[in-house]
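**Student:** quick check, what structure comes out for this input:
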Amino acid sequence: MIQHTRALFVDLFEKEPTMVLSPGRINLIGEHTDYNDGFVLPAAIDKKIVYAIAPNHTRQCTVHAVFTNETQSFSLDAVKPTPGWINYIMGVVYQLQERGLPVSGFDCVIAGDIPVGAGMSSSAAVEGGLVAALDNLFGYQLSRMDMALIGQKAEHTFPGVKCGIMDQFANLHGKKDQVMRLDCRSLEFEYFPFNFPDYKIVLCNSMVHHSLASSEYNVRRQQCEEGVKAIQAKHPAVKSLRDATMQMLYEVRDQISPVVYNRCAYVIAEIQRVQDATKLLKEGNINSFGELMYATHEGLSKLYEVSCPELDYLVSLARTRPEVAGARVMGGGFGGCTINLVKNDKVDEYVDYIQSNYQTKFGKIPEVYVTTIEDGAKVMVPSAV
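**Tutor:** Below you'll find the model as predicted:
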């Protein structure tokens, strides 16, 4: 894919590009906690977006997307929200301009193998890869965290998805065979080894596609904020659900709807699960870690209500299999993938089991991706291309 993207760029633009690799991400545990100032436990993976990019010394930017086989251009003097995939590119350019960073015209080809709508953050990979590419092209010397914040702001302002920081953070800070515990309030983070050589991370795609912008995502944020407001009336020091306890939530149960209560109860429990999970990683206890994943799924399904029958079925299949340590819905929800920890020597058998049962029930075969944990977004040195 890297060579093909480079060759296509040379064909289209008749010059040599810089190559940038920008990974998708998984999140082992800590779902819907990032915008509640909580903790998350993501990692970058081997599914990625590839950029071939070079300056063109004009005020025009021309982008060719391999996945739609179309080329779009825009002027640096008229960067505004535009329907379609180009919106993610323009959002990043706009945020760089807003920071007063000089952006000159560029040509690029973008390709990738991150399944769109599967909960692996293809949008953050597009954003993070472009920030890293333009930082390299125009010499901004941005920190990795600044790059992540620019990507996040781009998604807020152009596609209009009020995402937390996790996806962009994981895309830019990933390290091979390590997961990262990110404190979404302070943005402090710590690496933990994902040291389970006998297990593979297997993603099962429900083939139900979500679009975060048109989903219930922003509604969940509002519901959490509603709960915080009620708790603040009694506990003014509480700034977000990160500061809240189940006891505090219980005290205000009569002032909020049962739905808001459930949303907040899930988040408070999930923030604690991330802390418990990192202890288990240090101990190398994958079975207890897997049980936490199942508990997370239960909360996402019953309390946070971001699952769907297809995802619940995939997790129920996983629960019947001794080779699976844990499974849950991953990503924003409403479709997308489950993440499963599966014994190496049983992966093929497990995939067959999942696909045949799922096809019988829903009439479609779920795509399965066996992933490895890799480095974050990086500019490739020419000799490595």
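**Student:** sketch out the low-pLDDT regions of the protein for me.
**Tutor:** Low-confidence segments of the chain (pLDDT under 70): 210-215, 383-385.
**Student:** does anything pack onto the longest helix belonging to it? Which helices or strands?
**Tutor:** Longest helix of the chain, by residue count under DSSP state H: helix 258-283. Counting by 3 or more C-beta pairs under 8 Å, 6 or more residues apart in numbering; DSSP states H and E, the packing neighbours recorded for helix 258-283 are strand 39-40, strand 178-183, strand 189-193, helix 217-234, helix 246-251, helix 286-302. Just so you know, the C-beta spots here come from the backbone N, C-alpha and C atoms, and that holds for glycine as well.
**Student:** and the fifth one, how far out from the chain middle?
**Tutor:** The gap between where helix 246-251 is centred and where its chain is centred comes out at 30 Å by C-alpha atoms, centre = their mean, to the nearest Å.
**Student:** same question, the second one
**Tutor:** Put simply, strand 178-183 sits 13 Å off its chain's centre (C-alpha atoms, centre = their mean).
**Student:** secondary structure element for Pro145?
**Tutor:** Not quite, residue 145 is Met, not Pro. Met145 is part of helix 144-157 when elements are defined by DSSP states H and E.
**Student:** turn the helices and strands packed on helix 258-283 into JSON lines, columns for mean neighbour count and distance to Asp46.
**Tutor:** Output for the helices and strands packed on helix 258-283, formatted as JSON lines (neighbours: other C-beta atoms under 10 Å; distance: least, C-beta to C-beta, whole Å):
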{"stretch": "strand 39-40", "mean neighbour count": "27", "distance to Asp46": "20"}
{"stretch": "strand 178-183", "mean neighbour count": "22", "distance to Asp46": "14"}
{"stretch": "strand 189-193", "mean neighbour count": "15", "distance to Asp46": "18"}
{"stretch": "helix 217-234", "mean neighbour count": "18", "distance to Asp46": "26"}
{"stretch": "helix 246-251", "mean neighbour count": "14", "distance to Asp46": "38"}
{"stretch": "helix 286-302", "mean neighbour count": "20", "distance to Asp46": "21"}
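**Student:** okay if I get those as TSV plus distance to Thr278?
**Tutor:** Converted to TSV, the helices and strands packed on helix 258-283 look like this (distance: least, C-beta to C-beta, whole Å):
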stretch	distance to Thr278
strand 39-40	8
strand 178-183	5
strand 189-193	6
helix 217-234	23
helix 246-251	21
helix 286-302	10
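**Student:** among the ones you listed, which is nearest Thr320?
**Tutor:** Nearest to Thr320, of all these, is helix 286-302, at 12.1 Å by C-beta to C-beta.
**Student:** only C-alpha atoms, please: export that closest one in PDB.
**Tutor:** Output of helix 286-302 as PDB, limited to C-alpha atoms (Å, rounded to 0.1, in the frame of the first residue of the first chain):
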ATOM      1  CA  ILE A 286      -5.400 -11.500  31.400                       C
ATOM      2  CA  ASN A 287      -8.400 -13.400  32.700                       C
ATOM      3  CA  SER A 288      -9.400 -10.800  35.200                       C
ATOM      4  CA  PHE A 289      -8.700  -8.100  32.700                       C
ATOM      5  CA  GLY A 290     -11.100  -9.900  30.300                       C
ATOM      6  CA  GLU A 291     -13.800 -10.000  33.000                       C
ATOM      7  CA  LEU A 292     -13.500  -6.200  33.200                       C
ATOM      8  CA  MET A 293     -14.100  -6.000  29.400                       C
ATOM      9  CA  TYR A 294     -17.200  -8.000  29.800                       C
ATOM     10  CA  ALA A 295     -18.400  -5.700  32.600                       C
ATOM     11  CA  THR A 296     -17.800  -2.700  30.400                       C
ATOM     12  CA  HIS A 297     -19.900  -4.300  27.600                       C
ATOM     13  CA  GLU A 298     -22.700  -4.900  30.000                       C
ATOM     14  CA  GLY A 299     -22.600  -1.300  31.100                       C
ATOM     15  CA  LEU A 300     -22.400   0.000  27.500                       C
ATOM     16  CA  SER A 301     -25.400  -2.200  26.500                       C
ATOM     17  CA  LYS A 302     -27.700  -1.800  29.500                       C
END
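**Student:** now for it, which elements pack on it?
**Tutor:** helix 258-283, helix 309-319, strand 324-329, strand 337-343.
**Student:** excluding its backbone neighbours, what's nearest Lys346?
**Tutor:** Once flanking residues are discounted, Lys346 sits nearest to Glu323: 3.7 Å by C-beta to C-beta, 6 or more residues apart in numbering.
**Student:** could you measure from the one you found over to Met120?
**Tutor:** The gap separating Glu323 from Met120 is 23 Å, by C-beta to C-beta, to the nearest Å.
**Student:** the more surrounded of those two?
**Tutor:** Legend: neighbour count by other C-beta atoms under 10 Å for Glu323 and Met120, higher for Met120 (29 against 17).
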